[in-house]
Each structure stands twice: as structure tokens, then as C-alpha cells.
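S.K.: missing the sequence, but the structure's below:
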């Protein structure tokens, strides 16, 4: 099944992916970064839950408006049914607290629409990414428990459940107006927290109401592409681990950037590289509350630092050790090995992180007041580090694993760190540092303009002394380093568009197998800032057209086929859409496009 065939379920704690045929092929109970119990996405024997008509049928699907509750409709020769799938939210959830306290229950509800349809269900749970079959026990009340080590799942249904050598099955008829529900509840094996029993129909209704109340509360964005922006905001909320406020890069691990390739990584973590762009998207499309919670997670995860460099990424509760392992028993999506859990990039040096954090603090400066001493010390320390280390090589924002280089965007983001620190100096109580920060900021600016420009290419390139284009330099006007109408910057934008564009996609560098959706949205912003709104809109439509029929983006696309590749759904792609739509709106209204959104009303 193609990556584009999947839909996202979320309770803002974890996620599941449901295929076009209503099979759940990915689910990690409890936490989005937990070991899976359904992982057929990465291997045929790694667990799944199929629920569908016994015979042939045509399927159609859509989210219920304003929710991440998925409706899959089947029309068969004998009748029609719909399946409603959700990760349960409770009626006690308040819109701003959505997902803070959830029952950890996966719900599936079959409704008859016409005639009578024979249905079958097959649930095959395989714990620890498909390594272990659980102990299965059927109880007198008809429920079935599946237990392995620290996790216990309990399946309940209106249908009769049958235990087999492989899992749990059911076969039943659904007639017009009838409902048959399934609930799969997760709980720790040890302790006093049994799995939660829910009525499937009531739980679906409650979950719809909670999601729609969240959407109703976040109506502030009234700019261009409003429906797409609102839906992307919903996806970002689904990728937020609400107990901490952290936003993960994607819901999956090891979906390949190139089919059959080995660039397959675990994205169920939070990258500081993404921070300020994600905060801005949350601010634009939702409200400052979500952005402020994310920043508070950051300050807890990083601590004071005390001259230590921040990690580029953390676990969803601020975990630092994200050791990368290869799961040899899994063949990977479309035979794309290896399958990895954890991500070794946590050990990399990326100097851009300092600029991301200080840019985020500047965006949220009103919400952060009064600034606590630990946060103030962290921000001052990051500015000092940017001043001291900007001229060192690093792995760059694309996380090169071969060697360190003098990447342009790393220097530019160090400039951002110092520029925002100067603007925040009063809040930071750092008047004694302003001159040094200012002098170094100006030195970085001169150096990038001199050493980053390639006469041979006629553009700013990816690293000092390089003749290779890199779409990451599109960040320069977006963060305010250079005006998009600056002759060299405009030449760079045009050269990137001519050289790296392919079939509505934009590669990050020449020779990259796929088009990177985020950089296409950066191009939209740059063209808008340069005053070319018509071409910006054309690129927005091209990039946005690569969403699947549920409005979900992956990380990359195959330019020749339009096939989605990479982990899914990808937060950065949705962030890119939101910020590009906001930029188009600001430029069309001739507002002061200073890089900062106004709070939604």
C-alpha cells in the first residue's frame, strides 16, 4: 500500500495509521514513540488490524469535519456500511487541554447504511515492533486480553470474538441502522491501572465533539487558503504530545526518503531545528497558548545549558539519550532497509539551533514575561555561544553524516540568534553584552555575503567555498537576513527555482532523488517577499496538490510520479503550508512582513 493511502488517528498522545482498505498497519500504544503492536507498514508479520466487508466493495474515506475521526465507507453488492475510526478523547477534555488525560483506547465503529453486509475482523498484535506474539486470553464476558511484558491490550466488541493461533477474529452481519463496535484499550501490565472500558458509539461521539470544540476555538486565521491552513493546524495538534506540549517531526519511523534506499530514520522526536517555524505556524493557525506550551517544554528539556551546546533534538518528554538501533527482523517499507528506532542525529552539532530558540523567544516575548531566571540564563548563554562558535563547521540543518562544513544556513541562524538577542536585550537584562552581540552579528552578515556567494553559480550556495546550490538558503529572506529583492538574493531565488524545481517539487540540492515539500513552501514565501505573488501562488498550489485525499503530507515526493515518500504525516510539510499561506496573506494585504504573525483574534 502506498504511503498516501494512509490516514492519521491521534489522541494527542500517540498515533495510528489506517489504510484506504480500513486496515490499521501502524499503532504504538500509550506514546507516539513507544514500541508498536501494529507495524505491517514495515513488515508483513509485524501486526495489523483488518476490518472490512467479507466480499468485494468500493471504498471511500474522509475525516469528519473538524476532527481526526476517520470515516471509511464501503459499498458492496449486498449493501453499504461505514467504519468510524478514532483514538478516544473524553468529554471532560477542554479545548485548550485536549489530550492531556486520555483513556488510551482505539475505537472502531461499524454502521449499517443499507442492505446487509457481512463483515470480518482480524486483529494480529505483535509487540516490540513485531518481535513478540502476546499471550492471548478470552474471558467470560467475551473480552480478550493480549499481554506481553509491560503492556496489556483488551479487546471488547458487540461481535463474538474468536481466539486463533495468530490473533483474534470476528465475523458478523451489519444491517441498515445497526452498529457494531470494537474497543482496544491499552494499559500497563503491572500496577493498578486496568484497561479502560468504553462504549464505542459514545466514545466516537465524544471524540468528535472534543475535536470540533478545539477547531471552533481556533478560528483566528482568516487569510488565504484558510481551509488548508486549518486542516494543517489540526494535523499539527495530532502530532503534539500533549502531556509535554512537544511536537514530533512525524508519526512514524523508517519510511524511506527514496523507495529501496537506506535514508530511513525515526522521526518520532522533537527537533529544535524546527522550533521557531513550528511555533509560528501554531501561532498563526491556532493561538499563542499552544506555542507557549511548546516553548516551556523546550526550557525544561534543555535546562540552563551553562555553556554546553543544546542538543539538536530531544525525546517527547525531554529525553536526551536517543540511541539509534537497527531492527534486523523487519524488511522495511517496500523492502527499504534498514528499519531504525532512535536517531543518532541527537549527537550532532548544529549551530542553527541557537537561532531557532532565540527566534522563538522573540516571537513569544510578550507571553514569556516575566522571564524566569533559568530561561533568561539559557537565552543569554545561547547568544554568547552563537557569538563564540558561529565560525565553526557543523553538520548543517540537513544533518550530514559524512563530515562537518561551513554551512550557510548555520551562519545565518547564528546571525538570527544575535539579532534577536539584541532586540531582547532589555528583557534579558543583558545591556552589557549588546555591543559585542551587535559587532559579531554584523561580522557574520559581512562574512556570509562575501564567502557564501559563488560567482560561478551566480547564487548563494549551501556552504562556504561550494558551487552546489542548496534550497536551505531560501531561509535568508524568511528570517530577515537579506531582503528578497536584494539583487544577489533575487538571483539566488531564481536560480534555485530554475535548477532545483522538478514536476512541481523542489529538490534540496541537485541530484536529490525526491522533492522536499518544505523547501517548496519556502520558495512560496521568498517569491511573495520579492513581490511576485502570482508565481508564489502557482508554487503554493503545486506544493499543496501533493497532499493525499485526506490532506496529509509526507516529507518528500517522487517528482516523476508524485508518489509520497518519507515519514508520515510530516509536521514540517504542514508547518510550511501554514507559514506560506500566512506570508501570501500578509504580502497581498501590503502588511509589514516582518517575519512575525499577529495573534489570532
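M.R.: In hand now; what should we look at? Nothing here was measured: the structure is a model prediction, and the numbers come from that model.

S.K.: tell me what the helix or strand where residue 137 lies is packed against?
M.R.: Per DSSP states H and E: residue 137 is located in strand 135-138. With contacts defined as 3 or more Cβ pairs under 8 Å, 6 or more residues apart in numbering; DSSP states H and E, strand 135-138 has these neighbours: strand 144-148, strand 162-163. The way it works is simple: take the backbone N, C-alpha and C, and place the C-beta from them, glycine included.

S.K.: quick one: mean pLDDT for it?
M.R.: Mean per-residue pLDDT for strand 135-138: 96.

S.K.: which residues touch that strand?
M.R.: The contact list for strand 135-138, computed with Cβ atoms under 8 Å, 6 or more residues apart in numbering, reads 144-148, 161, 163, 167-168.

S.K.: so which of these is the most crowded?
M.R.: The most crowded member of those is residue 146, carrying 25 neighbours; neighbours defined as other Cβ atoms under 10 Å.

S.K.: and that residue, how far is that from residue 200?
M.R.: From residue 146 over to residue 200 the distance is 18 Å, taken as Cβ to Cβ, to the nearest Å.

S.K.: quick one: buried residues of stretch 436-451?
M.R.: Buried residues in stretch 436-451, defined by neighbour count with 16 or more other Cβ atoms under 10 Å: 437-438, 440-441, 444-445, 447-449, 451.

S.K.: so of these, which ones are in helices?
M.R.: 437-438, 440-441, 444-445, 447-449, 451 (DSSP state H).

S.K.: show me which of the residues you listed is closest to residue 322.
M.R.: residue 444 (30.1 Å; Cβ to Cβ).

S.K.: could I get the average pLDDT for the helix or strand that residue 498 is a member of?
M.R.: For residue 498, the element it lies in under DSSP H and E is helix 487-500. Helix 487-500 carries an average pLDDT of 98.

S.K.: please report phi then psi for the residue in the chain sticking out farthest from the centre.
M.R.: Most distant residue from the mean C-alpha position of the chain: residue 140, 41.9 Å away (Cα atoms, centre = their mean). Here the main-chain torsion angles of residue 140 (degrees, to the nearest 10) amount to phi -60, psi -30.

S.K.: quick one, what contacts it?
M.R.: Neighbour list for residue 140: empty [criterion: Cβ under 8 Å, 6+ apart].

S.K.: so where's this protein uncertain?
M.R.: By pLDDT under 70, the low-scoring segments of the chain are 93, 95, 304-305, 307, 591-601.

S.K.: in the stretch 401-550 of the chain, which spans are strands?
M.R.: All strands of the stretch 401-550 of the chain, identified by DSSP state E, counting those that start in this stretch, fall at 453-454, 459-460, 501-502, 505-506, 515-516.

S.K.: mean neighbour count and distance to residue 87 for the ones you listed - can I get that in JSON lines?
M.R.: Formatted as JSON lines, the strands of the stretch 401-550 of the chain follow (neighbours: other Cβ atoms under 10 Å; distance: least, Cβ to Cβ, whole Å):
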{"stretch": "strand 453-454", "mean neighbour count": "18", "distance to residue 87": "49"}
{"stretch": "strand 459-460", "mean neighbour count": "24", "distance to residue 87": "44"}
{"stretch": "strand 501-502", "mean neighbour count": "16", "distance to residue 87": "37"}
{"stretch": "strand 505-506", "mean neighbour count": "26", "distance to residue 87": "32"}
{"stretch": "strand 515-516", "mean neighbour count": "26", "distance to residue 87": "29"}
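
S.K.: now render the ones you listed as CSV, adding distance to residue 135.
M.R.: Listed next are the strands of the stretch 401-550 of the chain as CSV, based on distance: least, Cβ to Cβ, whole Å:
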stretch, distance to residue 135
strand 453-454, 63
strand 459-460, 60
strand 501-502, 51
strand 505-506, 47
strand 515-516, 44
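
S.K.: wait, which of those is closest to residue 350?
M.R.: strand 515-516 (17.4 Å).

S.K.: parallel or antiparallel, list what pairs with the closest one.
M.R.: Counting by DSSP bridges, the strands paired with strand 515-516 are strand 556-557 (antiparallel).

S.K.: so how far is the partner strand off the chain centroid?
M.R.: For strand 556-557, the separation from the chain centroid amounts to 14 Å (computed by Cα atoms, centre = their mean, to the nearest Å).

S.K.: can you list contacts of the helix or strand just after it?
M.R.: Next along the chain after strand 556-557, taking DSSP H and E as the criterion, comes strand 564-565. If you take Cβ under 8 Å, 6+ apart as the criterion, strand 564-565 is touched by 2-4, 255-259, 514, 546, 548, 553-558.

S.K.: among these, which are located in helices?
M.R.: Per DSSP H, the subset of these in helices is empty.

S.K.: identify each buried residue in stretch 362-382, please.
M.R.: 362-364, 368, 371, 375-382.

S.K.: before we move on, what about stretch 509-528?
M.R.: In terms of neighbour count (16+ other Cβ under 10 Å), stretch 509-528 has its buried residues at 509, 512-528.

S.K.: now do stretch 466-481
M.R.: Counting neighbours by 16+ other Cβ under 10 Å, one finds that the buried residues in stretch 466-481 are 466, 469-481.

S.K.: next one: stretch 29-38 to chain centre, how far?
M.R.: 16 Å.

S.K.: please read the previous query as pertaining to stretch 468-486.
M.R.: In terms of Cα atoms, centre = their mean, the centre of stretch 468-486 is found 24 Å from the chain centre.

S.K.: now do the end-to-end distance for that stretch.
M.R.: One end of stretch 468-486 to the other measures 21 Å (Cα to Cα, to the nearest Å).

S.K.: next: stretch 67-84.
M.R.: Distance across stretch 67-84, first residue to last, is 12 Å (Cα to Cα).

S.K.: got a list of contacts for stretch 456-469?
M.R.: 396, 405-409, 448, 451-454, 470, 472-473, 476, 488-489, 491-492, 495-496, 499-500, 509-510.

S.K.: make it 7 Å
M.R.: 405-408, 451-454, 470, 472-473, 476, 488, 491-492, 495-496, 499-500, 509-510 (Cβ atoms under 7 Å, 6 or more residues apart in numbering).

S.K.: likewise stretch 82-101?
M.R.: If you take Cβ under 7 Å, 6+ apart as the criterion, stretch 82-101 is touched by 9-14, 16, 18, 22, 51, 69-73, 102-103, 105-111, 113, 198, 203-204, 206-207, 209-211, 213-214, 217, 242-243, 289.

S.K.: go on, stretch 520-534?
M.R.: With contact meaning Cβ under 7 Å, 6+ apart, stretch 520-534 is reached by 471, 474-475, 477-478, 484-485, 490, 493, 497, 505-506, 535-536, 539-540, 542-543, 576-577, 579-580, 583-584, 587-588, 593.

S.K.: and what of stretch 474-484?
M.R.: Contacts with stretch 474-484, where a contact means Cβ under 7 Å, 6+ apart, come from 359, 409, 412, 415-416, 460, 489-490, 493, 496, 519, 522-523, 525-526, 529-530, 595.

S.K.: all helices of the stretch 251-400 of the chain, in order?
M.R.: Secondary structure of the stretch 251-400 of the chain (DSSP state H, counting those that start in this stretch): helices at 275-285, 288-302, 352-363, 365-368, 373-389.
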